[in-house]
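Q: fold the following.
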Amino acid sequence: MATAQPVARKKSSSQIPLTYVVALVPVAIALNIVGGQINTALHLPTFLDMIGTGVVAIVLGPWWGALVGALTNLIGSFISGPINLPFAVCNIIGALVWGYGVRWGWGKKYWSFFLLNMLVAFFVSLAAVPIYVFLFGGATGHFADMMTAAFLAMGQNLIVSVFSSNILVSLADKILSGFVALAIIEALPASMTQGIELPKSTGLSRVLWIAGGIVLGLAIALIVTALQAG
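A: Next up, the predicted model:
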C-alpha cells in the first residue's frame with residue numbers, strides 16, 4: 001500500500017525557530033549597513049542597503065524583513081547621520097513587497113522573481129519621492145541627485161524629476177540586490193528554506209540564472225551611469 005508523501009508547507013511567523021531569527025537578522029542588518037557604506041564610498045549608482053532585507057523577508061517573512069530594514073536605517077543614522085532615518089520607510093516597504101510577493105507566488109519562476117524585484121523598485125521609489133522632496137528639497141547627496149538636476153534642466157517639475165531619477169537607480173539596485181539575496185538564500189541550509197516557493201533549478205542552470213540577474217542589475221547601473229555622463 002502506497003504511503004502519502006508529506007507536503008511542504010509555508011512557514012508562518014509563529015513557526016519560525018528563534019535560532020533562525022538570531023542567526024539571520026543581525027547578519028542581515030550588518031550586510032545592509034556594509035553594503036550601503038561601500039556604495040557611498042564608491043559613489044555607485046545604486047544603494048546596496050537592502051540585500052539583507054531581501055534575504056530575511058524571503059526566508060523568515062515580510063515583517064522580519066521589515067524589522068531588519070527599520071533597524072538598518074536606525075543604526076545607519078548613528079553612523080552616517082540622521083538623513084538615513086526617514087528612508088527606513090523605503091527599507092520596510094521593500095521587505096513587505098519581497099516577503100509577501102514570494103508568498104503570493106512571485107518567486108516560483110526566475111522571470112516572476114525578476115518582475116518582483118521590479119515591483120520592489122517601483123514601490124520603494126514611490127515611498128522615497130515624498131521624503132526626497134518634502135524633507136530634503138529633492139537632493140540628499142546621492143548619485144541620483146545629478147540625474148534629478150538633469151531632468152529639472154529638461155523642464156520637468158521636481159516631483160517628476162526625483163521619481164524619474166530614483167526609479168532608474170532603484171531598478172538597477174533592486175534587481176541586483178534581489179538576485180544577490182537569492183544567491184545567499186541558495187547557500188543557506190535546506191531546513192531554513194523548506195516550504196518557500198523559489199525558482200527550481202539545479203547545478204549550472206541555477207548559477208547561470210542567478211548570475212544573469214546580477215549581471216542585468218549591473219548592466220542597468222552602468223547604463224544609468226553612462227546616461228548621466230552623457
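Q: contacts for stretch 170-178?
A: 45-48, 50-51, 54, 94, 98, 113-114, 116-118, 120-122, 124-125, 128, 213-214, 216-218, 220-221, 223-224 (CB atoms under 8 Å, 6 or more residues apart in numbering). (Each C-beta comes from the backbone N, C-alpha and C, glycine too.)
Q: of these, buried ones?
A: 45-48, 50-51, 54, 94, 98, 113-114, 116-117, 120-122, 124-125, 128, 213-214, 216-217, 220-221, 224 (16 or more other CB atoms under 10 Å).
Q: give me the subset of these that lies in helices.
A: Mapping the buried ones among the contacts of stretch 170-178 onto helices (DSSP state H) picks out 51, 54, 94, 98, 113-114, 116-117, 120-122, 124-125, 128, 213-214, 216-217, 220-221, 224.
Q: what's the first helix or strand after the longest helix along the chain?
A: For the chain, the helix with the greatest residue count under DSSP H is helix 158-187. Next along the chain after helix 158-187, taking DSSP states H and E as the criterion, comes helix 190-193.
Q: hey, C-alpha coordinates of that next one in CSV?
A: Output in CSV follows, covering the C-alpha atoms of helix 190-193 (Å, rounded to 0.1, in the frame of the first residue of the first chain):
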residue,chain,number,x,y,z
ALA,A,190,17.8,23.5,3.3
SER,A,191,16.0,23.4,6.6
MET,A,192,15.8,27.2,6.6
THR,A,193,14.2,27.5,3.1
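Q: next, the buried residues of it.
A: Residues of helix 190-193 classed as buried: residue 192 (neighbour count, 16+ other CB under 10 Å).
Q: pLDDT weak spots in the chain?
A: Scanning the chain for pLDDT under 70 picks out the ranges 1-14, 229-230.
Q: try it again at 50.
A: Where the chain drops to pLDDT under 50, the residues are 1-9.
Q: show me how far the longest helix of the chain is from its chain's centre.
A: Centroid displacement of helix 158-187 relative to its chain, using CA atoms, centre = their mean, to the nearest Å, is 6 Å.
Q: same check, this time on stretch 206-226
A: Worked out by CA atoms, centre = their mean, stretch 206-226 lies 14 Å from the chain centre.
Q: and stretch 17-29, by the same measure?
A: Worked out by CA atoms, centre = their mean, stretch 17-29 lies 18 Å from the chain centre.
Q: do stretch 16-26 as well
A: 19 Å.
Q: which positions within that stretch qualify as buried?
A: Across stretch 16-26, burial judged by 16+ other CB under 10 Å covers 16, 20-21, 24-25.
Q: just the closest of the residues you listed to residue 105, please.
A: residue 16 (20.0 Å; CB to CB).
Q: isn't residue 117 right next to residue 179, touching?
A: Yes. Between residue 117 and residue 179 there is a contact at 7.4 Å, judged by CB atoms under 8 Å.
Q: end to end, how far does stretch 121-139 reach?
A: In stretch 121-139, first residue to last residue: 19 Å (CA to CA, to the nearest Å).
Q: got the buried residues for that stretch?
A: Buried residues in stretch 121-139, defined by neighbour count with 16+ other CB under 10 Å: 121-125, 127-129, 131-133, 138-139.
Q: same thing with stretch 194-206?
A: 196-199, 206.
Q: span of that stretch from start to end?
A: Terminal residues of stretch 194-206 are spaced 17 Å apart (CA to CA).
Q: so how far is that stretch off the chain centroid?
A: With CA atoms, centre = their mean, you get 19 Å for stretch 194-206.
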